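Q: Got a predicted structure plus its sequence, pasted below:
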Number of protein chains: 2
Amino acid sequence: MLENTQRTEISSLGEFGLIHHLTSDLEMVQSSTLYGVGDDAAVINPGDQKLLISTDLLVEGVHFDLTYSPLKHLGYKAATSNFSDMAAMNVLPTQITVSLALSNRFSVEAIDELYKGIKLACKNYQVDLVGGDTTTSKSGLMISVTVLGLAKEEDIVYRKGAAQGDLICVSGDLGAAYAGLLILEREKSEFIANPQMQPQLEGLDYLLERQLKPEARTDMVNVFKKLGVKPTSMMDISDGLASEIKHLCTQSQLGAQIYEEKIPIDQLTWDTARSFNMDPTMLTLNGGEDYELIFTLAQSDYDKIKDSPEIRIIGFMQEASAGIQLVTKNNVVVPIQAQGWDSFKSQSTE
Amino acid sequence: MLENTQRTEISSLGEFGLIHHLTSDLEMVQSSTLYGVGDDAAVINPGDQKLLISTDLLVEGVHFDLTYSPLKHLGYKAATSNFSDMAAMNVLPTQITVSLALSNRFSVEAIDELYKGIKLACKNYQVDLVGGDTTTSKSGLMISVTVLGLAKEEDIVYRKGAAQGDLICVSGDLGAAYAGLLILEREKSEFIANPQMQPQLEGLDYLLERQLKPEARTDMVNVFKKLGVKPTSMMDISDGLASEIKHLCTQSQLGAQIYEEKIPIDQLTWDTARSFNMDPTMLTLNGGEDYELIFTLAQSDYDKIKDSPEIRIIGFMQEASAGIQLVTKNNVVVPIQAQGWDSFKSQSTE
């Protein structure tokens, strides 16, 4: 992607030069940011709010493949996947720090692309980039992002807190990010077999964007506020619906019943799953990286949310002894097995 | 170090199993920690204080060498080197998050050792471990630590703020961590040449500890308070005295004059430098990782600090046009060249 363009070695700038190069154009937009990049620490003014912190580590070859992830998209995703952790707490992200480890195969221009994506995400979500660290690695690229958010204590939603009978809901549609990954993996293997081949990606933009440049559902914070509801428990869907439902059930010591026909799946996701001879429902249960939200609501909130286009009811919480079940389209009740994505398991089978 | 002991593969626990294994015994000691590990984010109560955040990334083969860094010490250092960033702001650290990327050459027992060091540092400094991420890497070990601290705004000390004539001071003694590194590198190359060789480390504990298991000078926060002084500017010494003085001068748009004979050097550091045919002063100027503090104080504070065993005056701030100078023991005035450690430069010369 960056072929035939200028290549500046990072070593020609040095560590401090690179930091200056990457951060000199940063503008702070959050009033809570008192001091950003440039000292031993950034300084945040929480006012009378509580502070939330979450962190993620993205590793080349494990979480992303630069064969098909443009660096700008990768930077965007590194930021939004962290913003999603704040949305999962019903909180808007306010600041991030970004640390990079990169081998000398990366030029200053390549890092600029990565930062363009991070900065675009920060701009779109009104988040301040307030610090970080940049260093070499012996191989590949690693991105560590820490995100902060500020909220009143009474607005924070945890993974625990659901009651028996609560409605289980999701935002958006599921399985699209995994469908996008299937397509990219297919194109990659076909490209390796025949480098002259042109990629066949037409009409698949939605799935590719869901995989390569996902958005965080921070908008749901305002949706809930507007509807006058507060979820009783919530998390984001990064490892697949099955895994996340299991988490919610464990944390509230409950079981759940999910209706297969209620799980929202985009037509394109559906068609793609079929073209790979896969069950579309399996994509939503075990595919990852949708970055939609799964949450529970009191049944008494039903009237408030029933007409919201953003909220789909897919089931309800039940007593723990009833387990975690899927009611299939044929009305058969089967236990849900969580096979969520696990970077350690996936490595061990390579 | 972990030879002949049990080896449990990380993949046998899986990602969630590993997180549970590492975090189930954590106890929170800071009243500001409302919620630690176990949700999409940790929740902190800053009260009426400002929040400080800093982050560091440590990469195997760049920042540490497992040939001579025991994993427990490495964990300790990963934590304390971040605590040092808070001390550099005149703030006590309160919480950290720790993210690890590790290849499958690491067993659960190895990660336990690393975590023992992190937990010991947290215990010694009364810091809560509130979150993190654990994933695989294609090669080696990478540790990303983010540290939080809480302070009243009027107590925070920045890198900028020094005035002309301010006294330049340091805590502790300098160059010891680099002397420790010289010894470890020598033993490593001798071991490679002759694996039967016994390491010659007797009597060198002080230097080895300064390199492998450094302490953060968070105690200085209380020293300043007790003496009734507040530094006008401050940072920690992680890249060598020359580099840090240059930072302080740049940030306050001033110059500095340092007296070589005033730079505190331990006798063991001195003797070690000499045994390597190196100038001890050069070790303090260009060696890294001392994690002592360098700070400036108003001359009017002289009487308050002159008898403190913790504070050594090494020079004073002067007008920018006079530059950054070293007055040698022979009374010759020479400009100080900052050659501070740079992970990008060091890679480019490999």
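A: Sure thing, it's come through.
Q: shaky segments in chain A?
A: Along chain A, segments meeting pLDDT under 70 span A:1-5, A:338-350.
Q: contacting residues for the residue positioned nearest the centre of it?
A: Central residue of chain A (C-alpha atoms, centre = their mean): A:S81, 3.3 Å from the mean position. For A:S81, the contact set (C-beta atoms under 8 Å, 6 or more residues apart in numbering or on different chains) comprises A:D56, A:L58, A:V145, A:P214, A:A216, A:S238, A:E289, A:Y291. From N, CA and C alone the C-beta is placed, and that goes for glycine too.
Q: who wins for most neighbours among those?
A: Neighbour count (other C-beta atoms under 10 Å in any protein chain shown) singles out A:V145 as the most crowded of those, with 30 neighbours.
Q: Chain B contacts on the stretch 101-250 of chain A?
A: Neighbours of chain B within the stretch 101-250 of chain A, by C-beta under 8 Å from any C-beta of the partner chain: A:101, A:104, A:130-140, A:142, A:144, A:146-149, A:153, A:156, A:158-160, A:235-236.
Q: Quick check on those: which are buried?
A: Neighbour counting with 16 or more other C-beta atoms under 10 Å in any protein chain shown marks A:101, A:130-140, A:142, A:144, A:146-149, A:156, A:158-160, A:235-236 as buried within those.
Q: Quick check: the gap between A:Y158 and A:G255.
A: 19 Å (C-beta to C-beta, to the nearest Å).
Q: oh, I was asking about A:A162
A: Distance of A:A162 to A:G255, given as C-beta to C-beta: 11 Å.
Q: do A:F64 as well
A: According to C-beta to C-beta, A:F64 stands 35 Å off from A:G255.
Q: same deal with A:H21?
A: Taking C-beta to C-beta, one finds A:H21 at 53 Å from A:G255.
Q: does the residue nearest to the centre of chain A sit in a helix, a strand or a coil?
A: Under DSSP: H, G, I helix; E, B strand; the rest coil, A:S81 falls in the helix class.
Q: For A:Y115, give me its contacts.
A: Counted by C-beta under 8 Å, 6+ apart, A:Y115 has contacts A:L22, A:G75.
Q: what's the answer for the one 5 residues further on, then?
A: Residues near A:L120 by C-beta under 8 Å, 6+ apart: A:K72, A:G75, A:Y76.
Q: And it, how far from chain B?
A: Using C-beta to the nearest C-beta, to the nearest Å, A:L120 is found at 21 Å from chain B.
Q: what's the next secondary structure element after the helix or strand containing that residue?
A: Element membership of A:L120 [criterion: DSSP states H and E] is helix A:108-125. Downstream of helix A:108-125, the first helix or strand assigned by DSSP H and E is strand A:128-136.
Q: Give the next helix or strand downstream of that following strand.
A: Along the chain past strand A:128-136, the next helix or strand (assigned with DSSP H and E) turns out to be strand A:141-151.
Q: Within the sheet, what are the partner strands of that following strand, with directions?
A: Looking at strand A:141-151 with DSSP bridges, its partner strands are strand A:50-59 (antiparallel), strand A:93-102 (antiparallel).
Q: and these as JSON lines, adding distance to B:F295?
A: Putting the strands paired with strand A:141-151 into JSON lines (distance: least, C-beta to C-beta, whole Å) gives the following:
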{"stretch": "strand A:50-59", "distance to B:F295": "27"}
{"stretch": "strand A:93-102", "distance to B:F295": "24"}
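Q: picking up where we left off before, buried ones in the helix holding A:L120, by neighbour count?
A: So for helix A:108-125, counting by 16+ other C-beta under 10 Å, buried means A:108, A:110-115, A:117-122, A:125.
Q: with those residues in mind, which one is nearest to B:K188?
A: A:I111 (32.0 Å; C-beta to C-beta).
Q: what residues are up against that closest one?
A: Each residue near A:I111 by C-beta under 8 Å, 6+ apart is listed here: A:I10, A:L18, A:L22, A:L100, A:L102.
Q: With A:D236 instead?
A: By C-beta under 8 Å, 6+ apart, the residues touching A:D236 are A:S84, A:D85, A:A87, A:A88, A:A216, A:R217, A:E244, A:Y291, A:E292, A:L293, A:I294, B:D40.
Q: Name the secondary structure element that contains the fifth one.
A: I take that to be A:A216. Short version, using DSSP H and E: A:A216 is in no helix or strand.
Q: Surely it is in contact with A:A87?
A: Yes - A:A216 is within contact range of A:A87, at 5.2 Å (criterion: C-beta atoms under 8 Å).
Q: okay, and the common contacts of those two?
A: A:P93, A:D236.
Q: who touches both of A:A162 and A:G255?
A: Residues touching both A:A162 and A:G255 (C-beta under 8 Å, 6+ apart): A:M317.
Q: and these two? which has more neighbours close in?
A: Neighbour totals were compared for A:A162 and A:G255, and A:A162 leads with 27 against 19 (other C-beta under 10 Å).
Q: how many degrees apart are the helix holding A:L120 and strand A:141-151 in direction?
A: 20 degrees (axes from the mean of the first three to the mean of the last three C-alpha atoms, to 10 degrees).
Q: Alpha carbons only: can I get helix A:108-125 in CSV?
A: Output in CSV follows, covering the C-alpha atoms of helix A:108-125 (Å, rounded to 0.1, in the frame of the first residue of the first chain):
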residue,chain,number,x,y,z
VAL,A,108,8.0,6.7,9.6
GLU,A,109,5.4,6.9,6.7
ALA,A,110,3.9,3.6,7.8
ILE,A,111,3.6,4.8,11.4
ASP,A,112,2.0,8.0,10.2
GLU,A,113,-0.7,5.9,8.5
LEU,A,114,-1.3,4.0,11.7
TYR,A,115,-1.5,7.2,13.6
LYS,A,116,-3.9,8.8,11.0
GLY,A,117,-6.3,6.0,11.8
ILE,A,118,-5.9,6.5,15.6
LYS,A,119,-6.3,10.3,15.3
LEU,A,120,-9.4,9.9,13.0
ALA,A,121,-11.1,7.6,15.6
CYS,A,122,-10.2,10.1,18.3
LYS,A,123,-11.7,12.9,16.2
ASN,A,124,-14.9,11.0,15.4
TYR,A,125,-15.4,10.0,19.1
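Q: Can you give me every residue that contacts A:L326?
A: Residues near A:L326 by C-beta under 8 Å, 6+ apart: A:Q257, A:I258, A:Y259, A:E260, A:L285, A:V333, A:V334, A:P335, A:I336.
Q: does it count as helix, strand or coil?
A: With three-state DSSP as the basis, A:L326 sits in strand.
Q: Would you state the strands of chain A in chain order?
A: Taking DSSP state E as the test, the strands found in chain A are A:33-35, A:42-44, A:50-59, A:93-102, A:128-136, A:141-151, A:167-171, A:233-237, A:255-259, A:292-297, A:311-318, A:324-327, A:333-335.
Q: Looking at the ones you listed, spot the one closest to B:V229.
A: strand A:42-44 (21.1 Å).
Q: any chance of the contacts of A:L326 in TSV, with neighbour count and distance to A:L184 too?
A: Putting the contacts of A:L326 into TSV (neighbours: other C-beta atoms under 10 Å in any protein chain shown; distance: C-beta to C-beta, whole Å) gives the following:
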residue	neighbour count	distance to A:L184
A:Q257	18	34
A:I258	22	28
A:Y259	17	31
A:E260	20	27
A:L285	25	21
A:V333	11	35
A:V334	10	31
A:P335	9	32
A:I336	20	27
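Q: Include distance to B:E310 when you put those residues into CSV, please.
A: Shown next, in CSV, are those (distance: C-beta to C-beta, whole Å):
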residue, distance to B:E310
A:Q257, 64
A:I258, 62
A:Y259, 67
A:E260, 68
A:L285, 60
A:V333, 69
A:V334, 67
A:P335, 63
A:I336, 60
